[in-house]
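Undergrad: Provided below for reference: sequence and predicted model.
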Amino acid sequence: ALPQEAASAALGSARLLGLLDVGDEAPHGHRHELVIGLRLPKTAAEVKGLAGGIEGLVFVSSPGVEATAPDATLSLEEILSESSKLPHMHQQAVKLLQALRANA
């Protein structure tokens, strides 16, 4: 678990990146998904260890940034490839993040 100070800092870094309409295939009838950015004071490997096997937890490395835990991290190309097993709505969230970073 994150210490109280680290948890407060992480929550303080939260920002709404977008709202996705996932269409008629919405899981559990929830048509809209929030895309939220959050900065954590942990490496991908540390977060993966703390997550305790949460299904669907994926780390995406930014272009030009070396992954701190290659076994736990995918590149943007891998995430957005046709062979990716990531659900469509998650791929859309990654595309949104990619576009926001390109325009930063």
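TA: Here it is on my side, so go on.
Undergrad: strands of the chain, start to end?
TA: Assigned by DSSP state E, the strands in the chain fall at 15-21, 32-37, 59-61, 73-75.
Undergrad: residues touching residue 86, list them.
TA: 58, 79, 94 (C-beta atoms under 8 Å, 6 or more residues apart in numbering). Any C-beta I mention is one placed from the backbone N, CA and C, and that applies to glycine too.
Undergrad: filter the residues you listed down to the buried ones, PyMOL style.
TA: Of the contacts of residue 86, the buried ones go into a single PyMOL selection, burial set by 16 or more other C-beta atoms under 10 Å:
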select buried, resi 79+94
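Undergrad: circling back to that earlier point, make JSON lines out of the strands of the chain and add distance to residue 90, mean neighbour count and mean pLDDT.
TA: Conversion of those to JSON lines gives the following (distance: least, C-beta to C-beta, whole Å; neighbours: other C-beta atoms under 10 Å; pLDDT from 0 to 100):
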{"stretch": "strand 15-21", "distance to residue 90": "9", "mean neighbour count": "13", "mean pLDDT": "84"}
{"stretch": "strand 32-37", "distance to residue 90": "9", "mean neighbour count": "13", "mean pLDDT": "82"}
{"stretch": "strand 59-61", "distance to residue 90": "10", "mean neighbour count": "18", "mean pLDDT": "74"}
{"stretch": "strand 73-75", "distance to residue 90": "11", "mean neighbour count": "17", "mean pLDDT": "74"}
